[in-house]
Every structure is written in C-alpha cells, then in structure tokens.
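> Sequence and predicted model, in that order:
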Amino acid sequence: MTTIAFIGLGNMGLPMSQNLLKAGFAVRGFDLSDSARAAFAGAGGQPFTSVAEAVADADAVITMLPNGAIVKDVYEGADGVFANAKAGALMIDSSTIDVATAREVCSAAVGKGFEMVDAPVSGGVGGAAAGTLAFMVGGTEAAFARAEPILQPMAGKIVHCGASGNGQAAKVCNNMLLAISMIGVSEAFNLGRALGLDDQVFFDVAANASGQCWSLTTYCPVPGPVPASPANRDYKPGFATALMLKDLKLAMQAVADTGANTPMGTRAAEIYTAMDGNGHGGVDFSGVIKHLTGEI
C-alpha cells in the first residue's frame, strides 16, 4: 500500500486527504491546527505533530500551503520534508505559489535525489470534497507518471502542462482570465440593466451567443439564471475575492518578471485590489458586479 504524507489539512487539504483515504491509501497528516488534525484523525488518517514525523515513512508527500515562502520553508527547512523524507519519495506541491519558487523548490528536490511536481488545483472547496478538482501539473514525464495515480482520487481532470513550474504558470494564467471574464460579464449585466434589459433575457441571449463563457453560464454574477451560483446566496464564497486577488498578484509578479503585456489583467488586479481594500475580501469574487456599481 502506498503511504502518503499530507501537509496542510485546511479547507482544501482536509477533503483532499479524505478522498485519498477513501481510495485506500494510508495517509499520514500534519497541520499546525489541533482541530484540523483532529478532523483528519476522525476521517481515518494518522495525524502527527511535526512535518518530520509525518513524512518519515511516506512514499509520497503532498503539500497544500498558503504561499511560496511557507512552501520553501516546509520543504527546505531543517525540520522539513527534504531533511526527513525517505530516499526516493515523490513530492507533490498543490499549493498555489509563484512560478519561480515552484521551480526553485523542484530544483532543490532533484538535487537531493527526489522527484517533484507542482500540481496546483482549480475547483475550490466543493471540488476538493467531491474529488473533482482540476490538477495542472508541472514536472518531468517520469515524475508525472508517478504522481497521476495519486492525484486521481482527488481529481476530475489532470493535465500535464510541461516542465517544472508550468502547473503554476497554467493556474495563474487561467485565473487571470477568469478575473477578466467575470468583470466583463458583470459590466455587460450592468449596462443591460441601465438600458432596461432584464437580467434573464440578457442571460438567455448571451448564453447562446458569442458572449458565452464559464463566468456567465456556470457562475453567473446576478441572482436567478444559474441557481447554484453564489449570487443566489448573497455572494457567500465560493471563491473569495481575497483568494482571487492572491492569484492576480501572482499573475502580476509573473508579468513583472517576464515583461508580458497584460493590460486587462493589470486592470482586473486593480479592481479586485480596490474591492478587497473596501473590506470585501470575504465576498465571492463574482460580487465584483456590486463593487462596480458602488453597492459594496
């Protein structure tokens, strides 16, 4: 039986680890939170109080952590993964971090004799619970081949995006596009309202015309047309504005590093920065429609 160490048992990590347990893997877990470790134990996992203990006998290590600095410390620190994992263990980082750090940590892993992939996800807490996350994976073909069967119980879709760091690159580009499209859909609804156009009528037109996109037909920012969208729950996330802004900041860091021309992405980052700065970081990112009208 493959033994997996799962580091980071928060809103995403806990349900992901639970799906691994359901698939029959032996899962060892660590989180700084006592309650997270208790919930993990309640699901049948084996909790530990340090990274070093959790990874000691694991065949693979999965991390789901808040940012690149923490990822780097967890892997490279004296009490971290590299210093305590057994020889030949596979490393999978599913955190959403900057491309440069992902590539740096992977290079360090290879230098110590490990294989590693970056495997950020899309699908949110709901996808984590349902086991339908989309994984964007960067790394060698050999590392991907080892990682794929481990990711499968947590996934609806797994895409090998190329070399190390390309998973993070795909994630940051996708979410920049998502931010732009949600703002565009919101602006279209706002203009339609100003012109006397009913929301449902506009939805019925755009959903079957050239304006069709995921932000409209799956995650519609106005109440009514898509009952499952956060707009029908007073914009409770979902995917919070603060999390979208985190991804946009990573995109803007990549823009600065590469010199890519992204005027719409840059403007989207400015809009979500203002929304968060107004105290609405906990509102679903589709609530940007209300930010644009000054309602929040």
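Cool, got the structure. Numbers count the residues shown, from 1 in each chain.
> and Ala206, how many residues sit next to it?
20 (other Cβ atoms under 10 Å). Every C-beta, even on glycine, is put in place using the N, C-alpha and C of the backbone.
> Was I right to think it contacts Gln212?
Yes - using Cβ atoms under 8 Å, Ala206 is in contact with Gln212, at 6.4 Å.
> Which SSE is immediately downstream of the worst-scoring helix or strand of the chain on mean pLDDT?
In the chain, the helix or strand scored least confidently by mean pLDDT, DSSP states H and E is helix 124-130, which has a mean of 91. Next along the chain after helix 124-130, taking DSSP states H and E as the criterion, comes strand 133-138.
> Phi first, then psi, for Ser210.
As for Ser210, its main-chain torsions (degrees, to the nearest 10) stand at phi -70, psi -10.
> Quickly note the distance from it to Ser286.
Ser210 is 21 Å from Ser286, where distance means Cβ to Cβ, to the nearest Å.
> same question, Asn175
Per Cβ to Cβ, Asn175 is found 14 Å from Ser286.
> Kindly report the same for Ala179.
In this structure, Ala179 and Ser286 are 11 Å apart, going by Cβ to Cβ.
> What residues of stretch 211-224 count as buried?
211, 213, 215-217, 219-222 (16 or more other Cβ atoms under 10 Å).
> Any idea how far apart the tips of it sit?
18 Å (Cα to Cα, to the nearest Å).
> can you give me the helices in the stretch 1-150 of the chain?
13-22, 34-42, 51-55, 68-76, 81-84, 99-111, 124-130, 141-151 (DSSP state H, counting those that start in this stretch).
> list the helices and strands the last one packs on?
Using 3 or more Cβ pairs under 8 Å, 6 or more residues apart in numbering; DSSP states H and E as the contact criterion, the secondary-structure elements in contact with helix 141-151 are strand 60-63, strand 90-93, strand 115-118, strand 133-138, strand 155-162.
> Those strands into JSON lines, with extra columns for mean pLDDT, mean neighbour count and distance to Ala69?
What follows is the helices and strands packed on helix 141-151, written out as JSON lines (pLDDT from 0 to 100; neighbours: other Cβ atoms under 10 Å; distance: least, Cβ to Cβ, whole Å):
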{"stretch": "strand 60-63", "mean pLDDT": "98", "mean neighbour count": "26", "distance to Ala69": "13"}
{"stretch": "strand 90-93", "mean pLDDT": "98", "mean neighbour count": "27", "distance to Ala69": "13"}
{"stretch": "strand 115-118", "mean pLDDT": "98", "mean neighbour count": "28", "distance to Ala69": "15"}
{"stretch": "strand 133-138", "mean pLDDT": "98", "mean neighbour count": "25", "distance to Ala69": "19"}
{"stretch": "strand 155-162", "mean pLDDT": "98", "mean neighbour count": "18", "distance to Ala69": "23"}
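> Could you dump those strands into CSV with distance to Gly124 added?
Converted to CSV, the helices and strands packed on helix 141-151 look like this (distance: least, Cβ to Cβ, whole Å):
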stretch, distance to Gly124
strand 60-63, 18
strand 90-93, 18
strand 115-118, 19
strand 133-138, 8
strand 155-162, 12
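> Ok, which of the ones you listed comes nearest Gly192?
Among these, the nearest to Gly192 by Cβ to Cβ is strand 133-138 (30.8 Å).
> Contacts for that closest one next, please.
The contact list for strand 133-138 (Cβ atoms under 8 Å, 6 or more residues apart in numbering) reads 16, 94, 102, 106, 117-123, 127, 144, 147-148, 151, 154-171, 174.
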